[in-house]
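1. Take a look and give me a structure for this.
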Amino acid sequence: MTAAEKDRQKLSVELARREGGELYAAAAVAGDGVRRAMLRVPAIDEAARAKAQAFTAQSKAVLLVLAEEPPGVLIACSADAGVSAGAILKQVLAAAGGRGGGAATLAQGSLPSAQTGDALAAALGF
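-> Numbering: from 1, shown residues only. Reported below is the predicted structural model:
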């Protein structure tokens, strides 16, 4: 990777972090006190992960990122959101034949189809 490519990637991640904070500020607080947001992206990359981490660095936050090609998912939850990203992902993917896993605050996986992403969104209250 050239120096210019590294600089571009670094700037992309910094921008994504800022966008994650702005997304949190714009997200409505649900009746359970949790802010939820869903993003659809072409692919899950470092910028998508940075945006998710910035969103969930705040209190009571859940972010669902669905990737188009290949179909994939990233779930990020703040520690106080009352949701386990890894547990929800395992449950939905086990039923749908996808693969993935992670911790309580961040989980990622591959989806067999876009419809699986819709089921995951419903399971998270989107």
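
2. Show me what the helix ranked longest in the chain is packed up against.
-> Once the chain is assigned using DSSP state H, the helix that runs over the most residues is helix 3-26. Applying 3 or more CB pairs under 8 Å, 6 or more residues apart in numbering; DSSP states H and E, one finds that helix 3-26 contacts strand 35-41, helix 46-56, strand 61-67. In this view, the C-beta of every residue, glycine as well, is placed from N, C-alpha and C.

3. The second one - what's its average pLDDT?
-> The pLDDT scores in helix 46-56 average 95.

4. got the angle between it and strand 35-41?
-> Between helix 46-56 and strand 35-41, the angle comes out at 170 degrees (axes from the mean of the first three to the mean of the last three CA atoms, to 10 degrees).

5. And the contacts of helix 46-56?
-> By CB atoms under 8 Å, 6 or more residues apart in numbering, the list of residues contacting helix 46-56 from outside reads 9, 12-13, 15-21, 23-24, 27, 37, 39, 41, 61-63, 65, 67, 74, 76-78, 81, 105-106.
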